[in-house]
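Asker: dropping the sequence and predicted coords here.
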Amino acid sequence: MQHLRQQLLAFMDECVYPNETRYHEEIERNRWAPSPVIEELKPKARAAGLWNLFQPGTEFGAGLTNAQYAPLCEIMGRSIMAPEIFNCSAPDTGNMEVLARYGTAEQQERWLKPLLAGEIRSCFAMTEPAVASSDATNIQASIVRQGDEYIINGRKWWISGAADPRCKIAIFMGKTNPSASSHHQQSMILVPMDSPGVRIERVLTVFGYDHAPHGHAEISFENVRVPATNILLGEGRGFEIAQGRLGPGRIHHCMRCIGVAERALETMCRRVLSRVAFGKPLAEQGLIRANIAQSRIEIDQARLLTLQAAEIMDTAGNKAARAEIAMIKVVTPNVALQVLDRAIQAHGAAGVSQDTFLAAAWANVRTLRLADGPDEVHLEAIAKLELKKIPN
């Protein structure tokens, strides 16, 4: 485990950080094309054994536990370009886990293998613009059986990665049986992105950032026909799949957030050591020192809570860790945002510009207070579990 961490740190220093400027320049020149430097580095990462590290099973990945993967995911989270280089980026990680856990042999052969090889990308189509999708029972998209096919209709948005030209498959969540009990109405099905009736209506921005070439799309699905064999696990199993997918996905987001916060703190420290105001270095100003100390405390608290959640997931299962997963999903994005905000403040006007990674990182992390469930939903779940501990 330690050797993987050292290998990853060395790869980041040698190949990732020095290429960040090139990465952004390539995207500026051709926003919706894959970055050549990413494609150059992926084979190097694979050759170094730094590939599919997120996969818990040895059949498809490195066979690491959540607790073992956590420090590696944190390191990758320090750079916006890094996760894809190691084939550990969302939403592909979650989709690969779904296919590995619930997919048929045929589905795995057609879609999982090229995803594991980094040859294609994928998206997850759940959220809808017309309903409050934090309550997944509100989902209105339909999946209707007709002979040997399913017909799919609906409108989805914030479908991350769908605008990437390499995105070839969507995992689509919709209702197969609106008359069933509320948590058995939904199903998930595989929809090839080139299917007739699939149309990207627009690309959404995050505080003005379009996150090209990944992007976040609004997509219409109009009478899309796919083979009945594309259903995942069976009709009415959508919630079951979602719960299996979201646990690891949420903890990965949190691990990456800690990496962002660590880099922000380091950036802040370098800045205040190099700048002088009112006759002394900023690092000697009391408020600056307090911000640095508070950031260190908060990051370490968030990391320890995340590692605790990972350990419970590994030893007792995702369901047993639902309170801890909910807690870290609230804590880590908020901590990262606080640290980023302090670092931005320490940089003055430069902090809100493109001259540092801070402004873009803040906009990206802010979305995580909404993605995979908003703070309010997680807080409600935590409170319910806590209240159950009190005897009647």
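Answerer: Yep, it's here. All values derive from a computational prediction rather than experimental measurement.
Asker: ranges for the helices of the stretch 101-250 of the chain?
Answerer: Taking DSSP state H, counting those that start in this stretch as the criterion, the stretch 101-250 of the chain carries its helices at 105-107, 113-116, 238-274.
Asker: let me see the mean pLDDT of stretch 353-372.
Answerer: Predicted confidence along stretch 353-372 averages 96 (mean pLDDT).
Asker: picking up where we left off before, turn the helices of the stretch 101-250 of the chain into JSON lines, columns for mean pLDDT, mean neighbour count and distance to Pro129.
Answerer: Where C-beta positions appear, they are placed from N, C-alpha and C, glycine not excepted. Listed next are the helices of the stretch 101-250 of the chain as JSON lines, based on pLDDT from 0 to 100; neighbours: other C-beta atoms under 10 Å; distance: least, C-beta to C-beta, whole Å:
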{"stretch": "helix 105-107", "mean pLDDT": "98", "mean neighbour count": "12", "distance to Pro129": "28"}
{"stretch": "helix 113-116", "mean pLDDT": "98", "mean neighbour count": "18", "distance to Pro129": "27"}
{"stretch": "helix 238-274", "mean pLDDT": "92", "mean neighbour count": "22", "distance to Pro129": "19"}
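Asker: between these, which one is nearest to Ser79?
Answerer: Nearest to Ser79 among the helices of the stretch 101-250 of the chain is helix 238-274 (8.0 Å), distances taken as C-beta to C-beta.
Asker: which strands or helices does that closest one pack on?
Answerer: helix 66-76, helix 92-102, strand 167-175, strand 186-192, strand 280-281, helix 286-316, helix 322-347, helix 358-366 (3 or more C-beta pairs under 8 Å, 6 or more residues apart in numbering; DSSP states H and E).
Asker: wait, Gly197 sits on Val226?
Answerer: No - contact between Gly197 and Val226 fails when scored by C-beta atoms under 8 Å: they sit 9.9 Å apart.
Asker: find residues that contact each of the two.
Answerer: Ile152 (C-beta atoms under 8 Å, 6 or more residues apart in numbering).
Asker: if you count surrounding residues, which of those two has more?
Answerer: Val226 (20 against 15; other C-beta atoms under 10 Å).
Asker: so that one makes contact with Leu190?
Answerer: Yes - the pair Val226 and Leu190 qualifies as a contact (C-beta under 8 Å) at a distance of 6.9 Å.
Asker: name the residues contacting each of the two.
Answerer: Counting by C-beta under 8 Å, 6+ apart, Val226 and Leu190 have no common neighbour.
Asker: including distance to Glu119, could the helices and strands packed on helix 238-274 go into TSV?
Answerer: Compiled in TSV, the helices and strands packed on helix 238-274 are given as follows (distance: least, C-beta to C-beta, whole Å):
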stretch	distance to Glu119
helix 66-76	20
helix 92-102	11
strand 167-175	9
strand 186-192	15
strand 280-281	50
helix 286-316	29
helix 322-347	31
helix 358-366	26
